[in-house]
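*Asks:* What follows is a predicted structure for the sequence shown.
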Amino acid sequence: METPTALIGVDWGTSNLRVMRISAGGGLQEERTDPRGAGGLAPDAFAGVLAEVAGDWLAVDPPVLVCGMAGARGRWRETAYQPCPAGLEQLARGLEQPDAGLRRHIVPGVAAFGPDGELLDVMRGEETQVVGLFGAGEGGVVVAPGTHSKWIRLEAGQIVGFRTFMTGDLFRAIREATILLPHGGEPGGDDAAFRRGVERSLSDSAITAALFSVRVDALAGRLPPESAPDYLSGLLIGAEIAGAPDARTSRVYLAGASALAERYRIALALAGFGDVVAADVSEVTALGLWRIWETARP
């Protein structure tokens, strides 16, 4: 007999959508993905896309909990950021309903503020992964690689600080709008070139100068066209790690797509991070959504 669905979880990124059937306790039963990310949708399009992707899962009218960019300004419904320190209680209190009368709720993001109240950084979606990774009272460091990579620090069950790196966005922009990758291509085929890029950035803090080595090495015959995307990826990920908070003495959890997380694991090892654990991003997101929902229920 199939385990009943207790919650429909939605992780709505800028570029992609993931919808999950979640059992009581936060177990991931099944997931569906779709390329219609929040970045390309008008506010009135979200409900229809969700209904199309979730389809038959909505027939019994389960509660739906959405994290990610659906709650950003100009998207489905803007949901106010919760200030650091923020944990399960704050996220549960900040839930918003985009459509009155329906059992849909959006998880708030988290914002970091300076001592004078100035806004320093924001995130949406990664906070849900964090509360899926750590229980009440626990702490650690999470790296969430992606379009906008996050380095997040948790203490006693609360997100106390984080920093954003535009690594994925920069890779795309450089590939599409500069001379560095005239042949295009995706990284993933040349680990040696990737490692060389990471090591270059770890030893050379002038990243805008290091980036031009993609062009120079290609002209010199040291970098084949098919290896250039891997080398560029290594340069950018290496620069991110070089500029990130030093967490070499802590266990670092990686929460991202498996292929990208493996790239970060390699780069972190080259940078001297000795204790790195990869988490299944779908599973921790499902568990995080369940914990938020369970906390919010009366």
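*Replies:* Yes, it's here.
*Asks:* Now do the same contact list for residue 175.
*Replies:* Contact analysis of residue 175 by Cβ atoms under 8 Å, 6 or more residues apart in numbering lists 181, 184-185, 229, 232. For the C-beta atoms, the positions are set from N, CA and C on the backbone; glycine is no exception.
*Asks:* Farthest pair within these?
*Replies:* Longest distance between any two of those is 11.4 Å, between 184 and 232; criterion Cβ to Cβ.
*Asks:* out of these two, which sits in the busier spot?
*Replies:* Neighbour totals were compared for residue 184 and residue 232, and residue 232 leads with 26 against 10 (other Cβ atoms under 10 Å).
*Asks:* For the spatially closest residue to the more buried one that is not a sequence neighbour, which residues are in contact?
*Replies:* Of all residues not flanking residue 232 in the chain, residue 214 sits nearest, at 5.4 Å (Cβ to Cβ, 6 or more residues apart in numbering). For residue 214, the contacting residues are 180-181, 223, 228, 231-232, 235, by Cβ under 8 Å, 6+ apart.
*Asks:* Residue 25 too?
*Replies:* 6, 290.
*Asks:* Also residue 223?
*Replies:* Counting by Cβ under 8 Å, 6+ apart, residue 223 has contacts 193, 214, 217, 231.
*Asks:* Would you mind giving the secondary structure of it?
*Replies:* In three-state terms, and counting by DSSP: H, G, I helix; E, B strand; the rest coil, residue 223 is coil.
*Asks:* hang on, the earlier thing: which element follows the helix or strand encompassing the residue nearest to residue 232 toward the C-terminus?
*Replies:* Using DSSP states H and E, residue 214 sits in helix 213-219. Downstream of helix 213-219, the next assigned helix or strand under DSSP H and E is helix 228-243.
*Asks:* Can you tell me the SS state at the closest residue to residue 43 other than its chain neighbours?
*Replies:* In space, and not counting its chain neighbours, residue 43 is closest to residue 76: 5.8 Å by Cβ to Cβ, 6+ apart. Using three-state DSSP, the three-state assignment for residue 76 comes out as coil.
*Asks:* can you give me phi and psi for residue 76?
*Replies:* With angles defined as degrees, to the nearest 10, residue 76 sits at phi -60, psi -60.
*Asks:* My read is that it contacts residue 70, right?
*Replies:* Yes - using Cβ atoms under 8 Å, residue 76 is in contact with residue 70, at 4.3 Å.
*Asks:* and the closest residue to residue 30 other than its chain neighbours, what element?
*Replies:* Once flanking residues are discounted, residue 30 sits nearest to residue 21: 4.6 Å by Cβ to Cβ, 6+ apart. Using DSSP H and E, residue 21 sits in strand 17-22.
*Asks:* continuing past that strand, what's the next helix or strand?
*Replies:* Next along from strand 17-22, by DSSP H and E: strand 28-34.
*Asks:* Other residues contacting the helix or strand following that following strand?
*Replies:* Counting by DSSP H and E, the next helix or strand C-terminal to strand 28-34 is helix 46-54. Contacts to helix 46-54, defined as Cβ under 8 Å, 6+ apart, come from residues 8, 10, 12, 17, 19, 32, 34, 36, 38, 41, 58, 64, 66, 70, 75-76, 98-99, 104.
*Asks:* what comes up buried for helix 46-54?
*Replies:* For helix 46-54, burial by neighbour count (16 or more other Cβ atoms under 10 Å) applies to 46, 49-50, 53-54.
*Asks:* just the angle between it and strand 17-22, please?
*Replies:* Direction vectors for helix 46-54 and strand 17-22, defined by axes from the mean of the first three to the mean of the last three Cα atoms, to 10 degrees, enclose an angle of 60 degrees.
*Asks:* Between the two ends of stretch 214-231, how far is it?
*Replies:* The stretch stretch 214-231 measures 7 Å between its terminal residues, going by Cα to Cα, to the nearest Å.
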